[in-house]
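Asker: Whatever this is, show me its structure:
(one chain, ligands or ions: 2)
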Amino acid sequence: MNPPALLKKRLVIVAGKGGVGKSTVAAAFALSASRQGKRVLVAEVHGAERMSHFFEVAPIGPNIREIRPNLFAVNVQPRDAMREYALMVLRLKALYNLVFENRLVRYFLDAFPGLNELVMLGKIWYHVEEIDKKTGRPRWDLVVVDAPATGHGVFFLEFPKVVLAAIQGGPLAFHVAMMQEMLTDPRRTSLQIVTLPEEMPVREALDLRRVVHDELKIPLGYVFVNCVNPPLFNQRELEDYRLLLELTDARLPRLKRLFEAAQWRISRWRIEEEHLALIRRSLNLPRVELPFVYEREFRARAIEFLAQKMADQMGLAG
Ligand SMILES: Nc1ncnc2c1ncn2[C@@H]1O[C@H](COP(=O)(O)OP(=O)(O)OP(=O)(O)O)[C@@H](O)[C@H]1O
Ligand SMILES: [Mg+2]
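Answerer: Ligands and ions are numbered 1, 2, ... in the order given. Model prediction:
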């Protein structure tokens, strides 16, 4: 995919295994896009929001807030999304309170499988389609979704298909069909896979690719390989290092630890290279590699640094 093409999408979903850096990639990408003059909404949909930590701002709740110029954030919780949806449909607050805040009704709603996913996806769909009343244009150029970890995340994206297979006709099927149309529309939507140069995350990324692409027909964008340790030495330096090792090892035992550290780093890099090669061969997606950031605190500076790395590799102006 050529990079500005990703900026022309309306919905960019960031997905992957738990803890690989989905929120990090979503934050850095949203920041890059906002710096390109796009009006960006970054939506977290999995509970614990990370954006306030990453951007060093007050906690983000269900109300959309601007956290950087052109960059807005919202934390989508099922209960709030359901409330909004119900209020839109029922239009009467008192009726909503009577029905949805009823403990017994809540109990049944919570037990309804997939309902939470559905209302959250519904809210995302609403924002993708949202029109700014003043300008008559879409309110958001780009909605970036920080998806729940894989497993749960696939279920979240799978849900429209499951519902459509089960019910035909009626307003629910109608809404869900529109969500499905949005998810599978290559002009509007692109899903990014985040992974690490390690065995399990790569395996999971391959699984995710299969489900998203082959089964759900959701268009894929990039693979983001996070926490890459760039090689310590180039070929020439590696030869010098070996020579030095031979010459000094026996004579300067105090250097032994230093050589061991270098050796460890070289071995680690070789392993990462193998996983990167597998990603190149099997995922067959344009790739962005993000370095491991050695900062005591992983916050705004780290996100800005990664946004720049991303912009460089994607050909964005940073
Ligand atoms: N490139 C990096 N360099 C160093 N540390 C990183 C990097 N990317 C992520 N981290 C660390 O890993 C933590 C987890 O990242 P992040 O929250 O983005 O993962 P996630 O995939 O969203 O996790 P979850 O599945 O829990 O939502 C970050 O808070 C940060 O401390
Ligand atoms: Mg996350």
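
Asker: dump the residue contacts of L206.
Answerer: 282-283 (CB atoms under 8 Å, 6 or more residues apart in numbering). Quick note: C-beta positions are derived from backbone N, CA and C, even for glycine.

Asker: Need phi/psi at it.
Answerer: With angles defined as degrees, to the nearest 10, L206 sits at phi -70, psi -40.

Asker: Just the pLDDT for it.
Answerer: In this model, L206 is scored at 95, pLDDT.

Asker: how about the nearest residue to the residue in the chain that ligand 2 sits nearest to, chain neighbours excluded?
Answerer: Relative to ligand 2, the nearest point of the chain is S23 (3.3 Å; CB to the ion). Distance criterion CB to CB, 6 or more residues apart in numbering; nearest residue to S23, sequence neighbours excluded, is R50 at 4.0 Å.

Asker: count of residues packed around the residue of the stretch 51-200 of the chain found nearest ligand 1?
Answerer: Per CB to the nearest ligand atom, A149 is where the stretch 51-200 of the chain lies closest to ligand 1, at 4.0 Å. Using other CB atoms under 10 Å, A149 is surrounded by 16 other residues.

Asker: State whether F224 is indeed within a helix.
Answerer: No - F224 is assigned strand when assessed by DSSP: H, G, I helix; E, B strand; the rest coil, not a helix.

Asker: Tell me which residues of the top helix by length along the chain come out buried.
Answerer: Using DSSP state H to define each element, the chain has its longest helix at helix 256-278. By 16 or more other CB atoms under 10 Å, the buried positions in helix 256-278 come out as 262, 269, 272, 275-276, 278.

Asker: The residue nearest to S23 against K22, yeah?
Answerer: No - assessed by CB atoms under 8 Å, R50 is found out of contact with K22, at 9.1 Å.

Asker: Compare the two and say which one has the larger neighbour count.
Answerer: K22 (30 against 18).

Asker: can you map out the strands along the chain?
Answerer: Secondary structure of the chain by DSSP state E: the strands cover 11-16, 40-44, 65-68, 71-75, 142-146, 189-195, 220-228, 287-291.

Asker: Start and end of stretch 290-306, how far apart?
Answerer: Terminal residues of stretch 290-306 are spaced 7 Å apart (CA to CA, to the nearest Å).
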